[in-house]
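Asks: Have a look; sequence and predicted model below, questions after that.
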Amino acid sequence: MKCFVTGASGFIGANLAHELAAQGHALRLLLRPGADLRGLERIAYERIEGDLLDRAALEQGLRGCDWCFHVAARYALWLPDYRPLFAANVEGTRNVLDAAGRAGCSRIVYTSTVGCIGLPRALAGSLVPSDETAQATRAQMSNPYKQSKWEAEAVARDLAAQGLPIVIVNPSAPVGPRDVKPTPTGQVIVDFLNGRMPAYLDTGLNWVHVRDVARGHVLAAEKGRIGERYILGHADGNWTMKQALDTLAEITGRPAPRWRIPYGLAAAFAHLDELKSRVTGSPPRAPLAGVRMARYKMFFNPAKAVRELGMPQTPPTQALSDAVEWFERNGYVNAA
């Protein structure tokens, strides 16, 4: 298949590009000028220069393609102006999906997020991980980034209802190689490796190997039902932050942080940090949006993707180990 991929310089996108290349598919990648291409080393691809608002570049890139993977999104938990974020994530999504439909792609895979799925519910004192039937409301979108992704997923669902061959995937918290930036979850690992994490917040994520997420995208193109969404996570990956840090300690031999930061203290610091940012224009070290998201344990059930797509389930311990190895090999860890 000839595959068009947006966001290929990012974490999931780069791993998806490698997976597609390994399976023998031809790649055409939409890349912005000056994009960091380290995650795309050692694979062949055709570069289309442009962005999500460049309709001409999208039409050029999608011409003759069989599959479209729209992975790109602008991620930010604090900005002085959120209009560019909504333009990229909402209007950019509409542009890509429209162009893919006009190009005649047989499958269009849109990368959403588990943040667009309803939160886990408490039952008999424990949390029941959410599945695809848990509907989130706009009121649950606690920051502009989540609001923009919620609106973008609504665009994808509407266009699928109108007949476009769109399948939606909702990755949870991927970790693993090629996290060049790194992502917020990758930064947790880097900070741990560099001894910059004296304490932690009591939160939880569904940890999943990024390679499985990449394969889940390809499986969604091959087997996904049009108009459906699939959580790309791990059935045994619902870990608290303490569990993840303890696992990193076992992998690396480094000590795990012992102190848990009270939520109120973290929120107060984030408020002050954002007040400073409004004056300086520099991003806060701890955005309030991130602290608010950390208040909830984001536990999810990927059974549908495993059952219908055959999504692989690499153990989360292996995902963390592979991430550690990649960060160490690529110079993210300070010499002791």
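Replies: Okay, I see it. Residues are numbered from 1 along each chain as shown.

Asks: What is the neighbour count of L20?
Replies: A total of 24 residues lie near L20 under the criterion other Cβ atoms under 10 Å. Placement of C-beta: from N, CA and C, glycine included.

Asks: I'd guessed it sits against F4; true?
Replies: No - in this structure L20 lies outside contact range of F4 using Cβ atoms under 8 Å: 10.5 Å.

Asks: which residues do the two both contact?
Replies: With contacts defined as Cβ atoms under 8 Å, 6 or more residues apart in numbering, no residue is shared by L20 and F4.

Asks: What confidence value was assigned to R138?
Replies: pLDDT, R138: 76.

Asks: which residues does it contact?
Replies: With contact taken as Cβ under 8 Å, 6+ apart, R138 is in contact with 147, 150.

Asks: Break down the chain into its helices, ranges please.
Replies: Remark: helices of the chain, listed N- to C-terminal, are 11-22, 55-62, 83-86, 92-103, 144-161, 184-193, 210-223, 241-252, 263-280, 288-294, 303-304, 316-329; assignment by DSSP state H.

Asks: Look up the closest residue to G204, ignoring the ones flanking it.
Replies: Spatial nearest neighbour of G204, chain neighbours left out: K297 (3.3 Å); criterion: Cβ to Cβ, 6 or more residues apart in numbering.

Asks: Check the helices of the chain for me: which has the lowest mean pLDDT.
Replies: The stretch with the lowest mean pLDDT among these is helix 288-294, which comes in at a mean of 73.

Asks: Now find how far off-centre it is within its chain.
Replies: Taking the mean of its C-alpha atoms, helix 288-294 sits 16 Å from the chain's own mean (Cα atoms, centre = their mean, to the nearest Å).

Asks: ok, residues contacting that helix?
Replies: 77-78, 115, 142-146, 184, 201, 203, 263, 266-267, 270-271, 273-274.

Asks: mind running it again at 10 Å?
Replies: For helix 288-294, the external contacting residues (Cβ atoms under 10 Å, 6 or more residues apart in numbering) are 76-78, 115, 142-146, 184, 200-205, 241, 261, 263, 265-274, 277, 284, 286-287.
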